[in-house]
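1. how does the following fold in three dimensions:
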Amino acid sequence: INQSDLTLNEVFKRTRASVYLESDEKQMPWTSSSVIGDFYFQLRERGSRPSAPLAISPTMTDADRAELVRLRLKDRQRVDADRSELAHLRLKERQKIDEKEQKELERLRKIERDEKERQAKIKAEEFAKLEQDRRDKAEREAKAEIEREAARLQQEKLKRESENYTKYRVVNVASWDTLNVRTNPFVAKNNKVGELQHNARNIKILYCRKNHKKVKWCQIEHRTNGYPLRGWVVARCIKPQDNTYTVSRSGGYRVVNIRSDDTLSVRSGPGINYYKTGDLPYNATGIELGECRYSSKGGRWCIVKWGSITGWSSATYLRR
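-> As a prediction, this is how the structure comes out:
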């Protein structure tokens with residue numbers, strides 16, 4: 001190291017040879033260097049005498065010289081082997097790094113594929129759900145439409161039945177009395193469910209039969225005061241009704257059952273739902289009667305003419 005103008009490699013070579021010889025060939029130092037260029041521990045000063053080049057000592061025997069050459073060759077072979085091993089290790093390390101990078105790349109690609117598959121599955125499930133919701137909605141709408149159509153047909157059927165069935169009215173009952181409606185086709189103490197007025201109309205018969213006493217009873221339906229009434233009545237107290245009847249025109253009718261401070265209303269139609277067209281005094285006489293009919297609520301109404309007043313009045317307040 002103290003000798004000038006010796007490169008780093010020359011210092012290592014001399015050191016290796018000295019150590020090998022002095023250790024009786026038991027120690028063989030080796031080096032691995034990546035130094036680029038020449039490195040000197042000591043440089044010769046200008047004007048000074050250059051150091052003697054590395055040479056075999058003249059005191060060495062031929063055997064020593066041959067041994068030194070052999071050691072140098074062996075050292076060179078070891079260095080070459082070390083370099084080859086180092087290159088092999090670097091290559092293996094590079095291969096490991098490449099394999100690791102390839103595995104990482106495959107892992108990332110797999111993650112990307114899995115994410116795409118997951119997104120595609122989510123979209124497919126959302127589409128399937130939307131499609132199922134659309135089908136369910138269409139089915140509900142179709143079912144609702146079918147139900148509405150069935151309800152409409154049922155209403156039309158009921159309307160036709162209500163218009164086409166034979167309507168009955170109460171007969172053989174005094175004006176001050178009512179017709180009892182019972183739960184069974186016989187008279188009992190606690191089987192009365194309602195009453196029909198003596199002038200009740202628009203009665204529907206559901207079924208008729210004779211009871212154990214051979215008396216004919218009929219099961220009927222009727223709306224009384226807006227509520228449906230169903231039960232059994234004696235068949236002899238109802239008969240088919242005729243909505244209209246005619247009374248011969250004459251002037252022999254008068255107003256009855258009206259207080260002196262009140263009047264009898266004359267309306268545009270047979271019922272209190274029609275507007276009023278005039279009034280008859282409580283003591284009016286000489287009233288002419290025309291066509292008479294029963295209203296939807298069962299009351300009897302007749303066309304009247306008294307002077308310039310013409311219209312419909314309740315027959316309850318008219319007498320000959």
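
2. just the mean pLDDT for stretch 169-181, thanks.
-> Across stretch 169-181, pLDDT averages out at 86.

3. what's next to it, contact-wise?
-> 192-203, 220, 222, 229-234, 236-241, 294, 298 (CB atoms under 8 Å, 6 or more residues apart in numbering). Where you see a C-beta, it was placed from the backbone N, CA and C, and this is true even at glycine.

4. weed out the non-buried ones from the residues you listed.
-> Using 16 or more other CB atoms under 10 Å as the burial test, the contacts of stretch 169-181 include 194-203, 220, 222, 229, 231-234, 237-238, 241, 294, 298 as buried.

5. spatially central residue for the chain, please.
-> Nearest residue to the geometric centre of the chain (CA atoms, centre = their mean): Asp133, 6.2 Å.

6. which residues in the stretch 151-300 of the chain form strands?
-> Per DSSP state E, counting those that start in this stretch, the stretch 151-300 of the chain carries strands over the ranges 167-170, 178-182, 192-197, 203-210, 216-224, 227-234, 238-240, 244-246, 254-255, 263-267, 276-281, 288-294, 300-306.

7. tell me which helix or strand the residue nearest to the centre of the chain sits in.
-> helix 62-164 (DSSP states H and E).

8. by contact count, what packs against that helix?
-> helix 8-22 (3 or more CB pairs under 8 Å, 6 or more residues apart in numbering; DSSP states H and E).

9. just want the angle from the helix it packs on to helix 62-164.
-> Counting by axes from the mean of the first three to the mean of the last three CA atoms, to 10 degrees, helix 8-22 points 120 degrees away from the direction of helix 62-164.

10. for helix 8-22, enumerate the helices and strands it packs against.
-> Judged by 3+ CB pairs under 8 Å, 6+ apart, helix 8-22 is in contact with helix 62-164.

11. now the helix it packs on, how far from the centre of its chain.
-> 31 Å (CA atoms, centre = their mean, to the nearest Å).

12. quick one: it to strand 203-210, angle?
-> Comparing the axes of helix 62-164 and strand 203-210 via the same axes, to 10 degrees yields an angle of 80 degrees.
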